[in-house]
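Chemist: This is the structure alone, sequence omitted:
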């Protein structure tokens, strides 16, 4: 099983990271950069025998396990490209060689299907995700979103809400909890939800709002009430320009089978 690292190649110009304070690029530079990325994707794509799956970052643990089991049972090869759903959707719309797309929010898959990039009959929800507050420092005693307003908590990471569903959910939760204005000056935007956790793991920030599926057993994790954000119904679909449509449909079936759902459940998906 392979992992294709395309997600970090296509950065949105408005993204502010923990290490970067540079201003957004202009449209001309961004256009040339997007073209260069597309050409690189084509040049670096895995051999046709490998099924290419672009998947949301919160799926890294679950899909790696599902892919390994699928390869063991079928002998088929699967290559994963993990990143933020919005950027992965942009890559597919630009013609990136992808066979199956699994997003952290159904809206991205539905949009691509409506625009003719995904087979509508293959669109289905495979699970629901949840967000949590995560920190490495248990001494901070964070119990709820309101605790993020405390002065000793100086930096808080969320995925960029411009293109990451878990960032959108984090922003909604902060707004609905009535603490957005107090927390916003502390925010650091990560490229995707996995990078959000990395910022907290390396203590570049004091806390992060991340997917429950990647929280793991280390650190301290606090559930955020579901009523504070819209449900994260996650969906997949087969890309129309896939060179392996039959194989992509078969893997989609496996993900949503009893075996696939059982593995997803172990990572906190419903």
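Modeler: That came through, no problem. These numbers come from a predicted model, not from an experiment. Numbering: from 1, shown residues only.
Chemist: Tell me where the stretch 151-270 of the chain has strands.
Modeler: 156-159, 187-190, 207-211, 220-223, 232-238 (DSSP state E, counting those that start in this stretch).
Chemist: Output the below-cut-off pLDDT ranges for the stretch 101-250 of the chain.
Modeler: Low-confidence segments of the stretch 101-250 of the chain (pLDDT under 70): none present.
Chemist: Show me the helices in it, by range?
Modeler: Along the stretch 101-250 of the chain, the segments classed as helices by DSSP state H, counting those that start in this stretch run 106-114, 165-176, 180-183, 193-201, 245-255.
Chemist: For the longest one, enumerate the helices and strands it packs against.
Modeler: So that's helix 165-176. strand 131-135, strand 156-159, helix 180-183, helix 193-201, strand 207-211, strand 232-238 (3 or more Cβ pairs under 8 Å, 6 or more residues apart in numbering; DSSP states H and E). No exception for glycine: its C-beta is placed from N, CA and C like everyone else's.
Chemist: which helices and strands does the fifth one pack with?
Modeler: Meaning strand 207-211. Strand 207-211 sits against strand 131-135, strand 156-159, helix 165-176, helix 193-201, with contacts defined as 3+ Cβ pairs under 8 Å, 6+ apart.
Chemist: just the first one next, same as before
Modeler: With contacts defined as 3+ Cβ pairs under 8 Å, 6+ apart, the packing partners of strand 131-135 are helix 165-176, helix 193-201, strand 207-211, strand 220-223.
Chemist: Pull the contacting residues for residue 230.
Modeler: Applying Cβ atoms under 8 Å, 6 or more residues apart in numbering to residue 230 gives the contacts 169, 172.
Chemist: sorry, back to before: deepest in the core, which of the helices and strands packed on strand 207-211 is it.
Modeler: Among these, strand 156-159 has the highest mean neighbour count (mean count of other Cβ atoms under 10 Å), at a mean of 29.
Chemist: Paired strands for that one, with orientation please.
Modeler: With DSSP bridges as the test, strand 156-159 is paired with strand 187-190 (parallel), strand 207-211 (parallel).
Chemist: nearest residue to residue 237 other than its sequence neighbours?
Modeler: residue 118 (3.9 Å; Cβ to Cβ, 6 or more residues apart in numbering).
Chemist: Relative to residue 251, how far out is residue 119?
Modeler: Relative to residue 251, residue 119 is positioned 14 Å away (Cβ to Cβ, to the nearest Å).
Chemist: Of those two, which one has the most company?
Modeler: Remark: of residue 119 and residue 251, residue 251 carries more neighbours, 24 against 18, as counted by other Cβ atoms under 10 Å.
Chemist: Return the per-residue confidence for that one.
Modeler: For residue 251, the model assigns a pLDDT of 96.
Chemist: That one and residue 77 touch, don't they?
Modeler: No: assessed by Cβ atoms under 8 Å, residue 251 is found out of contact with residue 77, at 10.6 Å.
Chemist: what sits in contact with each of those two?
Modeler: The contact sets of residue 251 and residue 77 overlap at residue 51 (Cβ under 8 Å, 6+ apart).
Chemist: Can you tell me how far residue 55 is from residue 67?
Modeler: Look at residue 55 and residue 67: by Cβ to Cβ, they are 9 Å apart.
Chemist: Now for those two: what residues contact both?
Modeler: residue 80.
Chemist: Pretty sure residue 57 sits against residue 192.
Modeler: Yes: the pair residue 57 / residue 192 is scored as a contact, 4.0 Å apart, by Cβ under 8 Å.
Chemist: and the two? which has more neighbours close in?
Modeler: residue 192 (31 against 28).
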